[in-house]
Structure formats: structure tokens, C-alpha cells
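Engineer: build me a structure from this.
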Amino acid sequence: MASTDLTRDHVSLEDARVTRRYFAKFAAITGHLARVAAQFEAEGALSRHDVEVLARYIVSLGFTFRALANKYHMAGRAEGPGPGALTFDREESGFPVHAELLQMASDAAQAGKHLKNLPGPDEIRRQMVSEIVGRLTVPTRLQYAMSQRLYYEELVRGDLFWAQNDPDALWLGNVEAGRDPRRRYLVHWAVYDSTVNIPTIYLMELEDTGRTALPKDEKRWPAVQAHLMAQSVAGLKLVTIATGFDKDFDDLHPKRLRRFHLGPMYSNAFTRQTGPLRTVLEEAHAPEGEDWALAWTVETLESERVEQEKSGWFGSVEREVFALDPFSGAAETGRTSMDRAIILPQRPFQVLAEKAPPGFREVRKFVVSPGGRVLSYR
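Structural biologist: Numbers count the residues shown, from 1 in each chain. Here you go, the predicted model:
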């Protein structure tokens, strides 16, 4: 049962059974993403450090969906005021809307207060048994109380994927460049992009020629974090982000910037996106839990060379020149390359392979089985 939100493409799930199916689907999808990342590592497309970082965000995303699943576990069934219904983006991303994660962050700030006022899980179970056996009634109110307790416990536990996930830095080693030794870092951060309602992960490899190691620099590191978060918008080109960073921090040199889009999610049961995948999912007639497909897109920007730029009266600073291939349209899109993949179960893949719609020949296909095996097709 769905009702239209104030925004046309945002829909609220007001039936508990439908909501549970929705989150069960995402639980399965996030379980496959780490295996897909591992496949890229085996092929050399991602490093071990890349996969470790991506896996951390993927696991956090799974925790976020688990928390929301608890919050809305009794949607449409609990009487009185409650959390209402989950709102998700049916037309574009298939994911919960950005506002859901903002509310979750607000709830997390007061989770301890809520847990203090809620009965403990053992007490709730005792009351549920008493109501079922003694009154022969369904303990809906107590089930709702338990779902909210589990929700707040998940928030207190932490390690969730938030609307904004501030930058962190992973040291990759040192580079000896003559008399100019420099440190190498993998700086990573993530956002739940408000314009497209899709989890988006950024990985930037940079070299640091500053006097103090970047993560320990009390002046530069907070400025770097603030700068990168302000630029984390899906509509910004990678070259715009990297060039602005390069100019704002003279002793930090971005060598590669990648942006991972984990979505959209297509589902015949939930979403209304247009295009070939909608037809594929309709014709697949896949069983419940296997009627989905998830897009995985990676944009990459590489530094091609370094130029010296005059700074002050006598000094100079390094400036990166990024590789943009005008013949592939990369100059217009502001990136060096883009790799697209689709992750989907076996039945939808069979239909996709039979129909072979235009535009999917160059898209990588990862086919997942109920047992968790991942097969790759080009």
C-alpha cells in the first residue's frame, strides 16, 4: 500500500509487509556489493586498500538499512503516534530519500534518552508473552516498542552510513622524489547525495609535501575535510573538485580522484524507472527477492603531469594537469574515464542477455546467486 508524498517521485510505504520486503531486498543487495568489490580487486582494477575502504562503507550502509528496517518494522500496524512510513525515491534511485538519513542522524543524537525511557528487551518480551497467553491478543503496541528499541540500539552502536561521512586518511607510504620526500594518502569520504538519493563514495589519492603529516596537521586537516564535504555534490565534475582542491592547498597534490555511485536500484515490485531494465525486470518474472538490479558506476580522474606555477616573488608551486580525452567526451564530462556495471540475480540476467538492449554491451554484468556466488560477464 503506497501513498504519494508531496514530491511526485517520492512514495511512502505504509504497509509493514511491503516495508519488510523492501529492506530484505537491500539486505541481500548490500551483502553482494563487497563480493563485487573483491572481484574488481582480483582483476587488479581496485587495490587492497580501495576494497577495504569500500567494504567499510558498504557494511555501514547495511547497518543503516537495518536500523531503518527496525524503525519502520510496524509501519501501518501500530496505533497512535509513531515514526510514520518510510519514504523512498520510486522514480530515480529506488533508495530511501535523503531526509530519512537526516532524521536518523537527529534521532541518533537523542538515542540514549529514548533507550533510557524504553523498557529493556527482556521486559518487553515478558510483557508480550503475558499478553499473548493471558489476553489472547496480538501485542502490537509491545511489538512497536521493541522495534523502536532495536532502532535506537542500532543508532547507539554506530558505524552507520550517514547523510555525510567526513573524510578520513589512510597512509599509503612515502614517495622519494629527489630532495622532496612526500607522503602518500588515500583520502576517502562519502555522502548520501541529496540530489539523486544515492550513496556516493569518494576516493582521492594524493601526495603531501607539508611539514606535518596531513591527518595530524591541526590547521590543514580540518580545512581539507570542510573543503571536500562542501564539494561532494553529484552535479559537480571531478575535474572541478580536484582542480579547486589543488589550488586551495599548495602542498597537497591530488593524483587520482574516483567517485563510486552505488545505485540506482531497479525493482519491478517497487520502482518505476524508465528504460531497458524496467522491461527486463517485468519480463523476468523473478521470484520475490530476486526482482532487482543495481547500477555500480565509477568515475575516474587521473593526473597526467605536473606544471610549475609562479607563487609570490620568487617561489613556485606544483599544479596538476588532469587527463581529459576530448575524443571520448571526457573533456566535457570532466573525468578521465567512466566504468559502468550492473549487479543482478540470475533470472533478470538471462532476460537481459536474450534481449541485449542497446547501450548494455559495454556495461559489466555481475550475476549473483542465492548462495552468494558472483559471476562476471562483459
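Engineer: can I see the domain layout of this structure?
Structural biologist: Segmentation of the chain into domains, based on automatic domain parsing, reads 2-157, 164-377.
Engineer: now render those domains as CSV, adding mean neighbour count.
Structural biologist: For glycine as for every other residue, the C-beta is placed from the backbone atoms N, C-alpha and C. Output for those, formatted as CSV (neighbours: other C-beta atoms under 10 Å):
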stretch, mean neighbour count
domain 2-157, 17
domain 164-377, 17
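Engineer: mean pLDDT lowest where, among these?
Structural biologist: When the domains of the chain are ranked by mean pLDDT, domain 2-157 comes last with a mean of 87.
Engineer: for the stretch 101-250 of the chain, what spans make up the strands?
Structural biologist: Assigned by DSSP state E, counting those that start in this stretch, the stretch 101-250 of the chain shows strands spanning 164-175, 182-193, 198-208.
Engineer: next one: the first one to chain centre, how far?
Structural biologist: If I follow you right, that is strand 164-175. On the basis of C-alpha atoms, centre = their mean, to the nearest Å, strand 164-175 sits 18 Å off its chain's mean C-alpha point.
Engineer: that one pairs with which strands?
Structural biologist: Applying DSSP bridges, strand 164-175 is found paired with strand 182-193 (antiparallel).
Engineer: using CSV, write out every CA atom in the partner strand.
Structural biologist: Output in CSV follows, covering the C-alpha atoms of strand 182-193 (Å, rounded to 0.1, in the frame of the first residue of the first chain):
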residue,chain,number,x,y,z
ARG,A,182,56.4,13.2,0.3
ARG,A,183,53.8,11.1,2.0
ARG,A,184,51.0,9.3,0.0
TYR,A,185,47.5,9.1,1.4
LEU,A,186,44.2,7.6,0.3
VAL,A,187,41.7,10.2,1.5
HIS,A,188,38.1,8.9,1.5
TRP,A,189,34.7,10.2,2.3
ALA,A,190,31.1,9.5,1.4
VAL,A,191,27.7,11.2,1.2
TYR,A,192,24.1,10.2,0.7
ASP,A,193,23.7,12.6,-2.2
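Engineer: okay if I get the strands of the stretch 101-250 of the chain as JSON lines plus distance to Pro121?
Structural biologist: Formatted as JSON lines, those follow (distance: least, C-beta to C-beta, whole Å):
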{"stretch": "strand 164-175", "distance to Pro121": "29"}
{"stretch": "strand 182-193", "distance to Pro121": "29"}
{"stretch": "strand 198-208", "distance to Pro121": "30"}
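Engineer: so which of these is nearest Thr333?
Structural biologist: Closest approach to Thr333 among these is made by strand 198-208 (16.0 Å; C-beta to C-beta).
Engineer: pull the distance from that closest one to the chain's centre.
Structural biologist: Distance, centroid of strand 198-208 to centroid of chain: 13 Å (C-alpha atoms, centre = their mean).
Engineer: packing partners for that strand?
Structural biologist: Where contact means 3 or more C-beta pairs under 8 Å, 6 or more residues apart in numbering; DSSP states H and E, strand 198-208 is packed against helix 48-71, strand 182-193, strand 252-267.
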